[in-house]
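Visitor: After the sequence you'll find the predicted model.
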Amino acid sequence: MQFTKPQKIILGIVGFVILFFLLVLVGIIPGLRKNGTSATLKIWGVGDSSDVWAASIQSYSASHPGVAVTYTQIDQSNYESTLVNALAAGNGPDIFMFNNAWLPKNGDKIAPAPVSLMSTSTFAGIFPQVASQDFISNGYIYAMPLSIDTLALIYNKGIFNQSGVAVPPKTWAQFESVIRETRMETSGAISRPAVALGGTLTSMANATDILNLLLLQEGTEMISPESNQATFSSTAGQTALAFYTQFATPGSAYYTWKDSLGSALNSFANGKTAMFVGYASQIPQIKAENPYINFGVSTMPQFNLSNQINYPNYWGLAVSKQSQYQAQAWDFINFVTTDPTTANNYATASGRPPALRSLIAQYESDPILGPYASQALTAEDWVEPDADSVSTIFNNMIESVLNKTSSVSQALQTAEFSVNNIGSSQY
C-alpha cells in the first residue's frame, strides 16, 4: 500500500508521539511524569527509624530530583517472612535490607548490581573482606553494606573496679581469669554471673553466633571446599564446643551461667552480670533497659592475638528482581553506601559502626564504636545454607551437651549431618 507524502508525515508524527510517551512511561524521559518524578523507590529496613534515613534520602534527592525515595521500618522479628511474602505477592519494595547470611537462601530474589556500576575489585577495595565474602557470588555484587557489626565484649565498669580488674581481657586465657575475679557465689550457687556465656538461645540471643565465632577462632573447617559439605565435627570443632559449654556446665572451674537466669541482655543491663558478648546494635537495648549503666566496650577475646578472627552480623542493601527501577535503585544504593559523607551521616544517625574502609580509622578512637569498627577488618563467617536453620541446629547441639544427652563429639556429628541436609536456593 502506497502512502502519500502528507500521510507519511502524519504517520511519522503519530509514531514520534507514541515513542515519546513510551519513554516517559518507563522513566527515560522524566519531564512529564507526575510531579516531575521518573521513579519512586520504596525501601524496607529493620532497626532504623525513618529519622535515621532522612539525611541520606534528602542528600540523594538533592542531586537526583527525578527520583522519589520512601523508607519503611519493618519489625525485625518477622522481617524476613514479611519481605519474602511481599515479594512473592508482587508488592514488595524496590530496595531492602539484606542480611549478610542470606545470600544462599535468598539470593534468587535479588537483581545483582550492573557490572558497569562497580567492579568486584573496586568493591573489595572500599569494603572489608567479609563484605566480598558475603555479598559477591559468581562475579556479581548482590548487596552493598551499610555498616559492619561484630561481636564484642561489653563489660560493667563498676563490677570490674570492685573486683580489681584493671583492663578487659584480650585473650580467652585472660578471660577465664576474669571469670574467677568477677563471679560471685553464695552457698555454692552463682549469685552474680561473670558473663552470660555457654547457654542456649533460651537466655542468650547471641548463643549460636558466639559458638560460630569460637569454631572459626579454633580454625575449624566449617565447609569442605571440595565437597561443599559441612565438616565441623573435627578435633578443632570439639575443642570449640567444649570450651563454649564449660561456662554453663555445673562443676566446671568456669561455670558461671545457666538459662534459668533469664535474658542475658537484661541481666547485664541491670548490673547482675559483669560481662555480655554483644553487637553494637544491642547497645541501645541495654541503655533503654538501664540508662544509668556504666559500661565499656572491648574487642572480642582471641585464642591467638596474631591471627584475630571476629564474627559479623550486619545488613546490606539489595534490589528486588521485581523492581521496575533497578538501575535507579542500584544508583541510590551506591550513593548511600560509598559516598563518605553520606555513609558517615548514616553511621552517626544509626549508631552503627561504618562499613567503608575510609571511615573505619575515624571511628577507632570512639570508646563505644571503636572496637566494633576495627573488628570489621578481621571479621569472618562461613556460607550457611540457611542461617535460621543452622542456628536451630547449633542450639540443639548446645542443649544436648548441657543436658548430657550427647557427648561433644556426638552432638557435633548430629549437627553436621543436619546441616548437610539443608537445601538452599539457586540464584
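Guide: Arrived safely.
Visitor: Show me the domain layout of this structure.
Guide: Annotated domains of the chain cover 22-149+313-378, 152-311+384-419 [automatic domain parsing].
Visitor: can I get those domains in a markdown table with mean neighbour count?
Guide: (C-beta placed from N, C-alpha, C; glycine too.) What follows is the domains of the chain, written out as a markdown table (neighbours: other Cβ atoms under 10 Å):
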| stretch | mean neighbour count |
| --- | --- |
| domain 22-149+313-378 | 18 |
| domain 152-311+384-419 | 18 |
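Visitor: Provide a list of residues in contact with the residue sitting nearest the centre point of the chain.
Guide: For the chain, the residue nearest the mean C-alpha position is residue 314 (1.6 Å; Cα atoms, centre = their mean). Residues counted as contacts of residue 314 (Cβ atoms under 8 Å, 6 or more residues apart in numbering) are 99, 100, 145, 146, 147, 148, 149, 355.
Visitor: quick check, nearest of those residues to residue 382?
Guide: residue 100 (11.4 Å; Cβ to Cβ).
Visitor: what residues are up against the residue nearest to the closest one when sequence neighbours are not counted?
Guide: Ranked by Cβ to Cβ, 6 or more residues apart in numbering and with sequence neighbours excluded, the top spatial neighbour of residue 100 is residue 134, at 4.2 Å. Taking Cβ under 8 Å, 6+ apart as the criterion, residue 134 is in contact with 100, 101, 103, 143, 312, 316, 381.
Visitor: now, the most widely separated pair of those?
Guide: So, the contacts of residue 134 by Cβ to Cβ: farthest apart are 143 and 381, at 14.3 Å.
Visitor: on that earlier part again, helix/strand/coil for the residue nearest to residue 100?
Guide: Put simply, residue 134 is helix when judged by DSSP: H, G, I helix; E, B strand; the rest coil.
Visitor: cool, residue 97 as well?
Guide: Assigned by three-state DSSP, the conformation of residue 97 is strand.
Visitor: Am I right that residue 227 falls within a helix?
Guide: No: assessed with three-state DSSP, residue 227 is coil; it does not lie in a helix.
Visitor: That one and residue 93, how far apart?
Guide: 37 Å (Cβ to Cβ, to the nearest Å).
Visitor: now the strands: where do they sit in the stretch 251-400 of the chain?
Guide: For the stretch 251-400 of the chain, the strands defined by DSSP state E, counting those that start in this stretch occupy 275-278, 295-298, 315-319.
Visitor: closest one to residue 194 among the ones you listed?
Guide: Distance to residue 194, taken as Cβ to Cβ, is lowest for strand 275-278 among these, at 6.3 Å.
Visitor: what are the ranges of the helices in the stretch 51-200 of the chain?
Guide: Secondary structure of the stretch 51-200 of the chain (DSSP state H, counting those that start in this stretch): helices at 79-89, 103-106, 120-126, 129-135, 157-163, 172-182.
Visitor: can you give me how far the fourth one is from the chain middle?
Guide: A distance of 11 Å separates the C-alpha centroid of helix 129-135 from that of its chain, computed with Cα atoms, centre = their mean, to the nearest Å.
Visitor: thinking again about what came up before, out of the strands of the stretch 251-400 of the chain, which gets nearest to residue 402?
Guide: strand 275-278 (17.5 Å).
Visitor: Name the residues that touch the closest one?
Guide: With contacts defined as Cβ under 8 Å, 6+ apart, strand 275-278 is touched by 151-156, 178, 182, 194-197, 206, 210, 264-265, 268, 286, 300.
Visitor: average pLDDT across it?
Guide: Taken as a whole, strand 275-278 has an average pLDDT of 98.
Visitor: Any regions of the stretch 51-200 of the chain where pLDDT drops low?
Guide: Along the stretch 51-200 of the chain, no part satisfies pLDDT under 70.
Visitor: quick one: contacts for residue 160?
Guide: Residue 160 makes contacts with 166, 168, 182, 274, 296, as judged by Cβ under 8 Å, 6+ apart.
Visitor: Equivalent analysis for residue 394, please.
Guide: Contacts for residue 394 (Cβ under 8 Å, 6+ apart) come out as 207, 208, 211, 212, 415.
Visitor: Residue 421 - how many residues pack around it?
Guide: 11 (other Cβ atoms under 10 Å).
Visitor: What's the separation between it and residue 316?
Guide: Per Cβ to Cβ, residue 421 is found 28 Å from residue 316.
Visitor: do the same with residue 193
Guide: 35 Å.
Visitor: Dump stretch 224-232 to CSV, restricted to CA.
Guide: Output of stretch 224-232 as CSV, limited to C-alpha atoms (Å, rounded to 0.1, in the frame of the first residue of the first chain):
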residue,chain,number,x,y,z
SER,A,224,34.8,-28.6,52.7
PRO,A,225,35.8,-26.6,49.6
GLU,A,226,35.9,-29.9,47.6
SER,A,227,32.6,-31.4,48.6
ASN,A,228,30.8,-28.3,49.8
GLN,A,229,29.7,-30.4,52.8
ALA,A,230,29.8,-29.4,56.5
THR,A,231,32.9,-30.7,58.1
PHE,A,232,32.9,-29.1,61.6
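Visitor: Residues contacting that stretch, please?
Guide: 215, 220, 221, 222, 223, 412, 415, 416, 419, 420.
Visitor: pretty sure the second one is in a helix, no?
Guide: No: according to three-state DSSP, the state of residue 220 is coil, so it is not within a helix.
Visitor: My guess is it contacts residue 241. True?
Guide: No: with contacts defined as Cβ atoms under 8 Å, residue 220 does not count as touching residue 241, sitting 9.5 Å away.
Visitor: circling back: now tabulate the helices of the stretch 51-200 of the chain in a markdown table and tack on distance to residue 46.
Guide: Putting the helices of the stretch 51-200 of the chain into a markdown table (distance: least, Cβ to Cβ, whole Å) gives the following:
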| stretch | distance to residue 46 |
| --- | --- |
| helix 79-89 | 5 |
| helix 103-106 | 14 |
| helix 120-126 | 23 |
| helix 129-135 | 17 |
| helix 157-163 | 30 |
| helix 172-182 | 31 |
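Visitor: how about the ones you listed, which one is nearest residue 188?
Guide: Across those, closest to residue 188 is helix 172-182 (Cβ to Cβ), at 15.4 Å.
Visitor: As a check, name the ranges of all helices in the stretch 201-350 of the chain.
Guide: Using DSSP H, counting those that start in this stretch, the helices of the stretch 201-350 of the chain run over 207-217, 235-245, 264-269, 283-289, 326-338, 340-350.
Visitor: Quick one: list the elements packing against the fifth one.
Guide: Counting by 3 or more Cβ pairs under 8 Å, 6 or more residues apart in numbering; DSSP states H and E, the packing neighbours recorded for helix 326-338 are strand 39-45, helix 50-63, strand 67-73, strand 95-99, strand 144-145, strand 315-319, helix 340-350.
Visitor: Good, we can wrap up now.
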